[in-house]
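Asker: show me the folded form of this:
(one chain, ligands or ions: 1)
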Amino acid sequence: MISDWLNSSRYTVIFTGAGMSTESGLPDFRSANQGMWQQKDPSRVASIEALNNNVEEFMDFYRKRVIRVKEYGPHKGHRLLSEWEKRGLVKSIITQNVDGFHQKAGSEHVAELHGTLQTVFCNSCGKVFNSEEYANGIYQCTTCGGYLRPSVVLFGEMLPEEPFNIAFEEAARAELFIVLGSSLSVTPANQFPLIAKENGAQLVIVNQEETPLDRFADQVIHDRKIGDVLVEWDRLLK
Ligand code: APR
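Answerer: The predicted structure is shown next:
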């Protein structure tokens, strides 16, 4: 039982994707029915090219996402992960999500591989602002007049070094590595479950749909909602 693994593991690391936040009301990217990339071409709205050549659509896309993450918040699954961290059952979370919901739920050791929508920064002078401005449609830096952009990793950009290095260390240290709600289709983020596995961790994947790494997992749970799975495990924990 995975709850037994959670009870006995001395170093459990959680890896989350957009499927962790769909039960909060945020759409994911690649789900067959509701994924954002089913409706929009990411290269047109979430890439460095879009920022440079399609700025109106880029700004509007991210303004709507910033508004959404401020309207919605963590669900019971995020809160359980935070409780488990406080009880010493979870050491850290590596997340691809930019909604900040793990931190809002109280998790402290969170590596945000793809940045955050909580802040924006000026594309010219680098000054950082709260994304509140963006939600109100303010796209220009008050200091130099340059374009403001969200503090997220755009397609075509490198991942921020610090969270990447933390994630590498955490994956290599993990005895139990649990993936929650990711299609594991984007590199280099999708390498961390393999790094954990290569370093001796038990690998669990909880995802409604199949993933390309299922064959490497010790346990796979499909067709179930993450929130329900975490509540079920929580009932079985000591
Ligand atoms: N419970 C379990 N699984 C779920 C749930 C849920 N409630 N909701 C969605 N899922 C699953 C979907 O089946 C899907 O396979 O979560 C997965 C989410 O996959 P993606 O939409 O591809 O999201 P993610 O893996 O986080 O994408 C990685 O791609 O576009 C970039 O930067 C973006 O960080 C993102 C990266």
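Asker: need the helices for the protein, in chain order.
Answerer: Listed in chain order, the helices of the chain (DSSP state H) span 2-8, 36-39, 42-45, 48-53, 55-71, 76-86, 101-104, 132-135, 161-173, 192-198, 226-236.
Asker: turn those into TSV, including distance to the ligand, mean neighbour count and mean pLDDT.
Answerer: For the C-beta atoms, the positions are set from N, CA and C on the backbone; glycine is no exception. Below are the helices of the chain laid out as TSV (distance: least, Cβ to the nearest ligand atom, whole Å; neighbours: other Cβ atoms under 10 Å; pLDDT from 0 to 100):
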stretch	distance to the ligand	mean neighbour count	mean pLDDT
helix 2-8	15	15	92
helix 36-39	6	14	92
helix 42-45	6	16	92
helix 48-53	13	16	93
helix 55-71	11	17	94
helix 76-86	8	20	98
helix 101-104	13	22	98
helix 132-135	18	18	89
helix 161-173	12	17	98
helix 192-198	11	20	98
helix 226-236	4	16	97
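Asker: want to try CSV for those helices, with distance to Leu148 as columns?
Answerer: Below are these laid out as CSV (distance: least, Cβ to Cβ, whole Å):
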stretch, distance to Leu148
helix 2-8, 42
helix 36-39, 21
helix 42-45, 16
helix 48-53, 11
helix 55-71, 8
helix 76-86, 28
helix 101-104, 22
helix 132-135, 6
helix 161-173, 22
helix 192-198, 30
helix 226-236, 33
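Asker: among those helices, which comes closest to Val120?
Answerer: When the helices of the chain are compared by Cβ to Cβ, helix 132-135 sits nearest Val120, at 4.9 Å.
Asker: check this structure for me, the residue farthest from its geometric middle.
Answerer: For the chain, the residue at maximal distance from the C-alpha centroid (Cα atoms, centre = their mean) is Cys144, at 31.4 Å.
Asker: how about that one, nearest residue that isn't a chain neighbour?
Answerer: With Cβ to Cβ, 6 or more residues apart in numbering as the measure, Cys125 is the residue that lies nearest to Cys144, at 4.4 Å, once sequence neighbours are left out.
Asker: the residue farthest from the centre of the chain contacts Phe121, doesn't it?
Answerer: No - at 11.7 Å, Cys144 does not count as touching Phe121 under the criterion of Cβ atoms under 8 Å.
Asker: helices or strands up against the longest strand seen in the chain?
Answerer: Determined from DSSP state E, the single longest strand within the chain is strand 115-122. If contacts are counted by 3 or more Cβ pairs under 8 Å, 6 or more residues apart in numbering; DSSP states H and E, strand 115-122 sits against helix 55-71, strand 128-130, strand 148-152.
Asker: as CSV, those with distance to Glu232 would be great.
Answerer: Formatted as CSV, the helices and strands packed on strand 115-122 follow (distance: least, Cβ to Cβ, whole Å):
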stretch, distance to Glu232
helix 55-71, 27
strand 128-130, 37
strand 148-152, 32
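Asker: good, wrapping up.
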